[in-house]
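K.L.:
Sequence and predicted model, in that order:
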Amino acid sequence: MPAAGVNQNMDATTQKRNENYQRHVYEKMPKSTILKNCILAFLIGGAICTVGQGILNIGKNYYNLDTEHAAAFTSIIMIFLGAMLTGIGVYDDIGKVGGAGSIVPITGFSNSIVSPAMEFKREGYILGIGAKMFTIAGPVLVYGIGSSVLVGIIHHLFIK
């Protein structure tokens, strides 16, 4: 049976080694960029929404669309722009800088449809593009539609 002094010495050595290891890990760990990422997401998302607002204003002012048709016009144009920018490889760069700011607007939805379709186009139209197009957006659509149906049923049953 080892003496009490030996156990204390080993514990002090182990503790010193753990402290050195923790200091080493802290020095090597990348510094947090949460504030910078939040600001960039806000700016990129805001820029995307500003473009959308500009398109909405064009639909209302130049094409004399009512609010509902101008909103549909805006959605169509923004989805097209998101798909086009994904196709030419620009949207990925926007996503690297803007993070969630590029994912949340409707252009992010467009990107989530086009990216897998482009990735799997070598596998053909049916088993590649057709089967893989909704790998990212599919669960969002399923749960979004499912939850909206559930809310609609609850609203119909309890609110008159």
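P.N.:
That came in fine, so what should we check first?

K.L.:
Find the residue at the geometric middle of the chain.
P.N.:
The residue lying closest to the centre of the chain (Cα atoms, centre = their mean) is residue 103, at 3.7 Å.

K.L.:
roughly how far apart are it and residue 14?
P.N.:
Separation of residue 103 from residue 14 (Cβ to Cβ, to the nearest Å): 45 Å. Using the backbone N, CA and C atoms, a C-beta is placed for each residue, glycine as well.

K.L.:
cool, and residue 44?
P.N.:
Distance from residue 44 to residue 14, by Cβ to Cβ: 48 Å.

K.L.:
And for residue 61?
P.N.:
Plainly put, residue 61 is 73 Å away from residue 14 if you go by Cβ to Cβ.

K.L.:
ok, now residue 58?
P.N.:
Applying Cβ to Cβ, the value for residue 58 to residue 14 is 69 Å.

K.L.:
So if I had to pick from these two, which one is more boxed in?
P.N.:
Counted by other Cβ atoms under 10 Å, residue 58 and residue 14 do not tie: residue 58 has more neighbours, with 15 against 10.

K.L.:
Which residue ranges of this structure form strands?
P.N.:
Remark: no strands are assigned in the chain by DSSP state E.

K.L.:
shaky segments in it?
P.N.:
Applying pLDDT under 70 to the chain flags the ranges 1-10, 160.

K.L.:
one more time with 90, if that's ok
P.N.:
Residue ranges of the chain with pLDDT under 90: 1-33, 100, 103-106, 108-144, 159-160.

K.L.:
Name the single longest helix found in it.
P.N.:
The single longest helix within the chain, with elements called by DSSP state H, is helix 34-61.
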